[in-house]
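Peer 1: Build the 3D model from these lines:
(3 chains)
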Amino acid sequence: MKAIRPFLILIFAAVIVICAGCSNRVEINDRSIVLGVAIDKPAAPEEEGQGKEQQGGTQTGNQQNQGEDSGSSPQKQESEEFLRPEPPSEGKSPRYAMTIETPIIKALAGGGDGGGGGGGGGPKKLVVSATGDTFWDIERSLSIRIGRQDFYGHLKVLIISEEVAREGILPVMDFFTRRREIQQNIKLAIANGEARKVLEVEPPEEDFAAFYLDSMLQSLYRTSAKINTDMLEIRRDLTDSGNVVLPRVRASSPTEIVAGGAALIKDWKFIGWLSEVETSGYNIARGNVTGGAINIVDPKDPEGLITVLLRGSQIKTSLELVDQKPVYTIEGISEWDIVEKGTETMLWDTSYLAQVEKRLEMEVQRRVIHVIDKMQREFKADVFGFGGMLSQKHPDYWAKVKSQWDDKYFPEAEVYVKVTADIRRTETKT
Amino acid sequence: MFKKVLKKIFNSKAQKEQEQKQGELFPEPLWRKQAKQMPLKKDLQSNLDTIHQILGDSQDIIIRKMSVRSTHIALVYLEGMVDYAVINDFILKPIVLESRQAKPDKDFPPKELYSRLLNHVTPAGEVVEASDFDQLVFLVLTGIGAVLVDGQNKAIMVSAKGWPKRAVSEPDIESVIRGPREGFTETLRVNTVLIRRRIRDPNLRIITTQIGRRSKTDVAIAYIKGIADPELVDEVKKRLETIDIDAIMESAYVEQLIEDNWWSPFPTVQETERPDTVAASLIEGRVAIIVDNTPFVLLVPANINMFMVSPEDAYVKWTAGTFVRFLRFGANFIAMLLPGIYIALTSFHPEMLPTGLALSIAATREAVPFPAYMEAFLMELSLELLREAGIRLPGPISQTIGIVGALVVGTAAVQASLVSPVMVIVVAFTAIAAFSTPTVSFGFAIRQMRFMYMILATFLGLYGMMLGLLVLLGHFACLKSFGMGYLEPFAPLSTSDLKDVMIRMPLLTMHNRPASFGHSDDYRMEDRRQDDLQRGVDSDRYESN
Amino acid sequence: MLKNSDRITALQMFIILVSTFNAIEVIVVPRVLALTVGQDGWLVLIGGHFLSAIAVFFIVKLGMLYPHETFAEYAPKILGRFLGIPIVAVAAIFWVLICARILRQFADFIQLILPQTPIEVIILTVLLVAGYIARHGIEPIARTIEILFPVFISILGLLVLGSLIEVDLMRLLPILDASPKILALESIKTSFGLEGQEILLMLLPFMAIPEKAYSTVYGALICNLVIRWALFVAVIGFFGVELTKTLVWPVEELSRSLTIGGTFIGRFDSFLISLWVTVAFTSILVFLFLASLTVSRIMKFREQSITVLPLIPLIFIAALLPDSIVTTEEWSDYLSNVWGVFIFTIPPLLLLISYIRGTHKKNSRERLKER
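Peer 2: Sure thing, here's the model as predicted:
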């Protein structure tokens, strides 16, 4: 009997493990790996009075689905009525349209197997849309139409259209932050126009628009007119103050995406754009800048332009309470190199360089001040983290002004900008 | 009657005395106690008849009758097992010379003849007297020649062992690049000699017994008195005595009958073919069990570290030794876990893969009709099959098949979309990693564990693998090998012992023996290098004289 | 050497203590503290551990009066059988419940990566593995935990070091924002919630050198304090107080967000969750063993291993009782508070009564007579 005991235990354990079932096991090629998501407002339905039938699964007219037949989704009328606590948005269109971009594995497989030959026949990616009131609804309706289980573990970009963002991005954010499988480093962007168009772009160099957009939003080396931020930072900023600055994207042609400038979110809602120059000012103000060039008019030649490129910067914000009013000082140093000069003047002259530097400094400060001004006057939104600093250093004062910080106290705060610019070197030509 | 009682009393006292002297030796083997005591008679012919009765009609038992003057003697030996030089030159020849060179009128009564033969004539070492048939027959069957004298009830046993032996050669599976190339053979005496050559300490004790009712195999244990824990030696002896089996074919039988946990797939007794391993282990305080008819010597106690080190680690420089040990440790984990990890990652947690890799794996798996776990099982099973088949193939063919099997069949399978290329790589890597375990028995255990992990990964993903690792760890924590925990020296932590475990500290730092063996003598090495010995410094001092 | 000696070294005791303190609770602590006291959580941690140090002092002192005897044996001696045995039984029940609670929290946590696996399976598999090891006595348990400890420390190290880059210590300001009353209350709650401080009631006689118990326990408390501090500072510094309040599993979110030099190791979290199995497992193992040891000593069984198997179904059922993840936390708070009262009052009481009645002297006299 003693000898049989280990075997009994083994069998028992095996039974339990098998009872777990393979319910979690999904083959990797049975998953539809979603790479990019775009949220839009659905276009107005062409047929009206669909009322109760417009739950989940309805399609809007202008779909552009590649490689799939546009059958209409089954209308589950009666059963679904009982499921919803309140009657569906009668006569109104559903709140959101979500588009996902996912690769067609077969196309990828065709390319990899048995020797090269670029671009096997057929499209590489699938762009599917569905509408609904909440995102799980939309997912349900997507699952009616896509054979594979959608998997968000490799999601790279989330694009929200301007329209949706105006109404508030809180519901959108909840869906994408509650799921564990979605990583924290996905990129968010606000689309100027229709978000779906951005996902439909077929870039020549990459297979998928999501990868294209992802790498574009990451490279900040050459320009400071972009925002590089990911889900984690956005969540932090949003829960702290409700304000955040997001990158702006736009599909300029079927093969190209433009990502420059920024979108301003105040209190979880979109309120305006920042131009590219303003974005660079914002970056400098927050100390996030790592690249970017500025043009200076040559002191000796009014027609000529000198271009300087930022090499490094250390910018810090400090706070003082003076007479019960907060005074912020943004100070720091920045180092620039001269990279292009369109005139014949020789650089090898300290006083000349000093002049160029001075102009540069003025330009830098101008940009920063312009952005801060715009935030304080026009938008009345504190995106610089000034409120956070106040809460850490002077909690009592913060407790008083917290409720009206954005609208009343922030615009009245004084901000001094003392950013110096030093020109260091200039490659090989004088 | 009264005499018998007295004899019993006196004999028992003598017996006790003898037992006390025999403290170090084995008590009588089981088969001997169980055998009937049949003493020799004085009549030669009746003795020979009894021998004939016992041994039957086997025609390799040679009985050579001769006479020296008027006394008859007989020589009994086993053909093929004796060295004819010894039989002829050292037994027969002296007897013949004796009888011929003596004066014509001198006669040799049995008693005198016997004592002359025993003491003066036979110029051979190893001469023993036998007084009962069991002992005589047993010794004859081991290759000793028996000389029976008519009129004496004792026989002279002259060692003439000379059976066919294998030459000492390098062991196949435990070869090293740097180090001796001697390996044990199937003869007990040769093996003990190889050990003695390496440890010329009089404290090295080698004591022998016979185990197995019918095989009566010689089994010897070796230990260094003063270093090995006496309790350990006693325990080994006790366990060997309790073996009651018909035949011991190989040391594995002994291993399985004395080990602590027969039901565990993991070995708790180490086996090796190399004398230097054994000698080093004896110095550390372990006990070696040498079994006749097999080159595999057992070493006890054994913890998990013993199965993962190779003697070569000590013969190369310490950095190389450390690196190789880490590699081996990692390789064991890979061999056990890699297929399971592949199944778990692709089926349960694809978010853990980099996106590009995930896409390309998905692409390559698209054409394969099987799910990942079935693919993995099929590949692993076919690899095991290949391995098993490869053992039986003769040399040159096995190499060819290896290459053919791997390359051609593998590539063809991938192109036929039966298997995805990633799976092939995983399986190949696993196989290579599995080869790195120095000890065969441990390697077997790892290979079996691999399948368990694959099953767990299929049902419960990474969580299942973690559970499996916990089960393994718990199992190791409960395993003991002759009193030594399997997980020593990791737990309980003994930092001084760790010097020789995953890393290999320079020889100069290993002053003491591993404490986990509970031995009596600590000192092992002392650094007596003197500062004024010029080792590669200021060499011109020598030149300037 | 040849038998299971049932003795553990001081280092093993230290490791057992630290591993038992940390189960699943430690993943959630930053959020709990953020909700109640905000960024002053680290002060609360110090207060809590300090109070625990006091409680533990009484426990060890009590245990030293009765060498080679566990709580299950000397409590009846001090209080008499009618009072003593029920109290010990209560302790056993609590240990069963604590084990069940850890299991339930653990199963909820694992469901993050295995959403469709029924929690019964998760709980039962872990419980069986724990049962297998617990049957062999304290020594294999100590060895298992000793090996798992470096795993735990390296996960922690990775988390903390990886988060250091992005941690902004300014987020921990302002200090002393919460009122002292709340701080004190939370400290008491934290101290009550440190399950594992009472294991010395049963495990002291197993130590090879019992005199080292004081330094071992204090060392373990300090180590645990450092661990929870490090995690708290890392989480709050990384996310900020407001965001932490919204995270169900803060430490797991931290592992999702690790950055090194701007590039992500974002895929770390599945790995972390899997590795956390070992951390939770050590606590489950210890409490299962404690419960079975206590029951076996009450019933005066010779072998402790008999009681393991019957306890498993009990723990299993208890683990499945709560409805939802919120109920689990409510019930576990309640459990910690009641158990905390038990730990803080019973040992000093027993100590007092023991001095008054002189039972420990009687004990040693009996032992001398035996010799």
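
Peer 1: Now find how far off-centre the top helix by length along chain C is within its chain.
Peer 2: If you go by DSSP state H, chain C has its longest helix at helix C:325-357. Offset of helix C:325-357 from its chain centre (CA atoms, centre = their mean, to the nearest Å): 14 Å.

Peer 1: got it, and stretch C:134-143?
Peer 2: Here the centre of stretch C:134-143 is set off from its chain's centre by 17 Å, with CA atoms, centre = their mean.

Peer 1: any idea of the mean pLDDT for that stretch?
Peer 2: The average pLDDT for stretch C:134-143 rounds to 87.

Peer 1: Next, the distance between the ends of that stretch.
Peer 2: Terminal residues of stretch C:134-143 lie 12 Å apart, using CA to CA, to the nearest Å.

Peer 1: residues contacting B:A167?
Peer 2: Listed by CB atoms under 8 Å, 6 or more residues apart in numbering or on different chains, the contact set of B:A167 reads B:T185. Glycine gets a C-beta too; all of them are placed from N, C-alpha and C.

Peer 1: Sorry, wrong one. I was asking about A:V164.
Peer 2: A:39-41, A:96, A:172, A:195.

Peer 1: what do you get if the cut-off is 7 Å, keeping everything else the same?
Peer 2: Neighbouring residues of A:V164 by CB atoms under 7 Å, 6 or more residues apart in numbering or on different chains: A:39-41, A:96, A:172.

Peer 1: okay, A:A191: pLDDT?
Peer 2: 90.

Peer 1: again with C:L314
Peer 2: For C:L314, the pLDDT comes out at 90.

Peer 1: burial count for it?
Peer 2: Residues near C:L314, counting by other CB atoms under 10 Å in any protein chain shown, number 15.

Peer 1: quick one, what contacts it?
Peer 2: C:L314 touches C:V96, counting by CB under 7 Å, 6+ apart.

Peer 1: So which bits of the helix or strand hosting it are buried?
Peer 2: C:L314 belongs to helix C:308-320 when assigned by DSSP states H and E. Using 16 or more other CB atoms under 10 Å in any protein chain shown as the test for burial, helix C:308-320 gives C:308, C:311-312, C:315-316, C:318-319.

Peer 1: got the angle between it and helix C:325-357?
Peer 2: Relative orientation of helix C:308-320 versus helix C:325-357 (axes from the mean of the first three to the mean of the last three CA atoms, to 10 degrees): 130 degrees.

Peer 1: Tabulate the buried residues of helix C:308-320 in JSON lines, adding columns for distance to chain A.
Peer 2: What follows is these, written out as JSON lines (distance: CB to the nearest CB, whole Å):
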{"residue": "C:V308", "distance to chain A": "13"}
{"residue": "C:L311", "distance to chain A": "17"}
{"residue": "C:I312", "distance to chain A": "12"}
{"residue": "C:I315", "distance to chain A": "15"}
{"residue": "C:F316", "distance to chain A": "11"}
{"residue": "C:A318", "distance to chain A": "19"}
{"residue": "C:A319", "distance to chain A": "15"}
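
Peer 1: and of those residues, the nearest to B:I211?
Peer 2: Comparing the buried residues of helix C:308-320 against B:I211 with CB to CB places C:V308 closest, at 38.5 Å.

Peer 1: and that closest one, how far is that from C:L128?
Peer 2: 10 Å (CB to CB, to the nearest Å).

Peer 1: For the nearest residue to B:R450 once chain neighbours are set aside, list the residues it contacts.
Peer 2: Spatially, and ignoring its direct neighbours in sequence, B:R450 is nearest to B:M336 (5.2 Å; CB to CB, 6 or more residues apart in numbering or on different chains). Listed by CB under 7 Å, 6+ apart, the contact set of B:M336 reads B:446, B:449-450, B:453.

Peer 1: B:V128 too?
Peer 2: B:V128 makes contact with B:M157 under the criterion CB under 7 Å, 6+ apart.

Peer 1: Now do the closest residue to chain B within the stretch 51-200 of chain A: how many residues are near it, please.
Peer 2: Residue of the stretch 51-200 of chain A nearest chain B, by CB to the nearest CB: A:G153 (3.0 Å). Using other CB under 10 Å, A:G153 is surrounded by 21 other residues.

Peer 1: Regarding it, what is its secondary structure?
Peer 2: Following DSSP: H, G, I helix; E, B strand; the rest coil, the label given to A:G153 is coil.

Peer 1: Tell me the pLDDT of it.
Peer 2: 84.

Peer 1: Apart from its chain neighbours, what residue comes closest to it?
Peer 2: Here the residue nearest A:G153, using CB to CB, 6+ apart, is B:E351, at 3.0 Å.

Peer 1: does that neighbour count as helix, strand or coil?
Peer 2: Here B:E351 is recorded as helix under three-state DSSP.

Peer 1: pretty sure B:A491 contacts C:R143?
Peer 2: Yes - if you go by CB atoms under 7 Å, B:A491 and C:R143 touch, sitting 4.0 Å apart.

Peer 1: circling back: just checking, what packs against the longest helix of chain C?
Peer 2: Helix C:325-357 sits against helix C:41-65, helix C:71-79, helix C:81-110, helix C:180-193, with contacts defined as 3 or more CB pairs under 7 Å, 6 or more residues apart in numbering or on different chains; DSSP states H and E.

Peer 1: related to what we said a few turns ago, tell me the one among the buried residues of helix C:308-320 nearest to chain B.
Peer 2: Looking across those and measuring by CB to the nearest CB, the closest to chain B is C:V308, at 12.9 Å.

Peer 1: what separates the nearest residue to A:S391 once chain neighbours are set aside from B:S310, distance-wise?
Peer 2: Leaving out its chain neighbours, the residue that sits closest to A:S391 by CB to CB, 6+ apart is A:W398, at 4.2 Å. Plainly put, A:W398 is 67 Å away from B:S310 if you go by CB to CB.

Peer 1: for A:G385, same thing?
Peer 2: Using CB to CB, A:G385 is found at 60 Å from B:S310.

Peer 1: for the residue nearest to A:G153, what are its contacts?
Peer 2: B:E351 makes contact with A:153-154, A:181, C:267, C:270, according to CB under 7 Å, 6+ apart.

Peer 1: which parts of the stretch 101-250 of chain A sit against chain C?
Peer 2: Proximity of the stretch 101-250 of chain A to chain C (CB under 7 Å from any CB of the partner chain) is limited to residues A:180, A:183-185, A:232, A:235-236, A:239-240.

Peer 1: In chain A, which helix is the longest?
Peer 2: Using DSSP H to define each element, chain A has its longest helix at helix A:350-373.

Peer 1: sorry, back to before: for the helices and strands packed on helix C:325-357, which one ends up most surrounded?
Peer 2: Among these, helix C:71-79 has the highest mean neighbour count (mean count of other CB atoms under 10 Å in any protein chain shown), at a mean of 23.

Peer 1: Give me the contacts around it.
Peer 2: Contacts of helix C:71-79 (CB under 7 Å, 6+ apart): C:66, C:84-85, C:87-88, C:91, C:201-202, C:294, C:297-298, C:350, C:353-354, C:357, C:359, C:363.

Peer 1: what's the angle from that helix to helix C:81-110?
Peer 2: 150 degrees.

Peer 1: quick one: average pLDDT of helix C:71-79?
Peer 2: 83.

Peer 1: Residue 253: neighbouring residues, count only.
Peer 2: All of this is about chain A. Neighbours around A:S253, by other CB under 10 Å: 9.

Peer 1: nope, chain C
Peer 2: For C:E253, the neighbour count with other CB under 10 Å is 25.

Peer 1: How is the chain partitioned into domains?
Peer 2: No chain specified, so I'll use chain A. A:29-274, A:286-425 (automatic domain parsing).

Peer 1: that's the wrong chain, I wanted chain B
Peer 2: B:33-159, B:188-302, B:316-483.

Peer 1: Great, nothing more from me.
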